[in-house]
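> Need the 3D shape of this:
(one chain, ligands or ions: 1)
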Amino acid sequence: MDSNVLKLIQLKCANCNSTLSRADKFETQIKCPYCGTVNEVTGTMHQDVAAPERIILFKTQENDFDTGICNFFVDQDYAVNDIFEKVQLENVTPIYLPMYLYEGRYDATYSCSVGQKETQLRVGSDFSGNKTVKEKTVTKWTPYNGTARDNYAFLSLAFEGKEITPELAEWTRSFPYEPVYGQKFDINLLSGKGFQILPHNLDREATWHKWGVSTLEYLSEQLAYSQIPGGQQIRDFRSNCSYDPKHDGRLFLVPFWFVYYYYDNKQFFVLMDGLGKNIHGSTPIDEKRVKDVRNLEKLGKWGLWIAIILGIVLMSVHFLTALIAFVVIWLGLKFFTRWKVGSIIKTARNIRTEAYNKLSH
Ligand SMILES: [Zn+2]
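Model (predicted):
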């Protein structure tokens, strides 16, 4: 058998026309991960594609992804509380995506302005000609130049097409690549597991331009930002990045989990890398909770002004009463709103945790 060829069963979903492909020769049915339709495999659906050089295997199973999703639902502060009752997670899909590994060294020079807050004393005079001294905080900008150099090794998606949603495509960038995860590709690693596989349809060059360049720029900028001293405020950041590739891209198959689900006829998603390191997704939002929290935060912010106005009004009656009222109202509102926001979020979280516990027993 030719080891440079990967034999796939490939067919178009009868319902949504997505391309489905598997490495398993003996599969007779393929369920579409996008719409759930079960498609029959007939004899004429085989396709040979170039085999990848290396593969990163799944370190997680479907129940790990399920647990990840449930924890994700609990962790989202504004997720609707009936998410566990209303949402059905069908069509949970493990997929191998084609990605090029780009390795090498980059060298970036950058320039920017760094802002530092400074307190200055301003001497002036008041209406009656007396000298006054005022404190004023100003931001002083100083130019800063530097170089950022490091090795890079990251994976970029070698596929373009409607089989991968934009969220999933973007998410592939965050795959936490480490050399220890990869191994030499062997077709036997894929058989009998029901993985969806996408063969690559972008070459090294096209993938580099579509994803690689911006990923490398991002890495070099992150390193530059970490080097800038006292850099709480940075503006006019410009950088010029050159790179020296060690390989011009080695083709990998990289494991991911994804699921698309519905709530009130709206579509949401959860994605996880096949190692189980990172999870990402969207959930239906409880608009009332968002509004309640926003209003409380507003009240907390305006509390100082409410206190000042009340203080001034009371000042004409009694100085000490005014002062006490001012402090009590200002601090009271500040702490009350902060406590109330925390309590709203926590109560909602407890409801979701309980629903999750009920589900898993
Ligand atoms: Zn389909």
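> Please tell me I have it right and Lys140 contacts Gln116.
Yes: in this structure, Lys140 is within contact of Gln116 by Cβ atoms under 8 Å, at 5.4 Å. Bear in mind the C-beta positions are built from the backbone N, C-alpha and C, glycine included.
> For these two, indicate the residue with more neighbours.
Higher neighbour count among Lys140 and Gln116: Gln116, with 14 against 11, using other Cβ atoms under 10 Å.
> what secondary structure does whatever residue of the stretch 51-200 of the chain ends up closest to the ion sit in?
Residue nearest to the ion within the stretch 51-200 of the chain (Cβ to the ion): Asn91, separated by 9.3 Å. At Asn91 the chain is in coil, as set by DSSP: H, G, I helix; E, B strand; the rest coil.
> Please work out how many residues are found near it.
For Asn91, using other Cβ under 10 Å, the count is 16.
> for it, what are its contacts?
Listed by Cβ atoms under 8 Å, 6 or more residues apart in numbering, the contact set of Asn91 reads Lys31, Cys32, Pro33, Tyr34, Cys35, Gly36, Val259, Tyr260.
> packing partners for the helix or strand encompassing Ala307?
Per DSSP states H and E: Ala307 is located in helix 287-315. If contacts are counted by 3 or more Cβ pairs under 8 Å, 6 or more residues apart in numbering; DSSP states H and E, helix 287-315 sits against helix 319-360.
> which residues sit in contact with the residue positioned nearest the centre of the chain?
Nearest residue to the geometric centre of the chain (Cα atoms, centre = their mean): His280, 5.6 Å. Neighbour list for His280: Trp171, Ser174, Val270, Leu271, Met272 [criterion: Cβ under 8 Å, 6+ apart].
> Filter the residues you listed down to just the buried residues.
Buried members of these, scored by 16 or more other Cβ atoms under 10 Å, are Trp171, Val270, Leu271, Met272.
> Surely the first one forms part of a strand?
Meaning Trp171. No: checked against three-state DSSP, Trp171 lies outside a strand; its state is helix.
> if I read this right, it contacts Val270, doesn't it?
No: the pair Trp171 / Val270 is not scored as a contact, 10.3 Å apart, by Cβ under 8 Å.
> Might you list the low-confidence residue ranges for this structure?
1-3, 25-26, 43-44, 127, 192, 230-231, 361 (pLDDT under 70).
> So which bits of it are right by the ion?
Neighbours of the ion within the chain, by Cβ under 5 Å from the ion: Cys13, Asn15, Cys16, Ser18, Cys32, Tyr34, Cys35, Thr37.
> Just put these in JSON lines and tack on secondary structure and neighbour count.
Formatted as JSON lines, the residues of the chain next to the ion follow (DSSP: H, G, I helix; E, B strand; the rest coil; neighbours: other Cβ atoms under 10 Å):
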{"residue": "Cys13", "secondary structure": "coil", "neighbour count": "20"}
{"residue": "Asn15", "secondary structure": "coil", "neighbour count": "13"}
{"residue": "Cys16", "secondary structure": "coil", "neighbour count": "13"}
{"residue": "Ser18", "secondary structure": "coil", "neighbour count": "18"}
{"residue": "Cys32", "secondary structure": "coil", "neighbour count": "21"}
{"residue": "Tyr34", "secondary structure": "coil", "neighbour count": "19"}
{"residue": "Cys35", "secondary structure": "coil", "neighbour count": "14"}
{"residue": "Thr37", "secondary structure": "coil", "neighbour count": "15"}
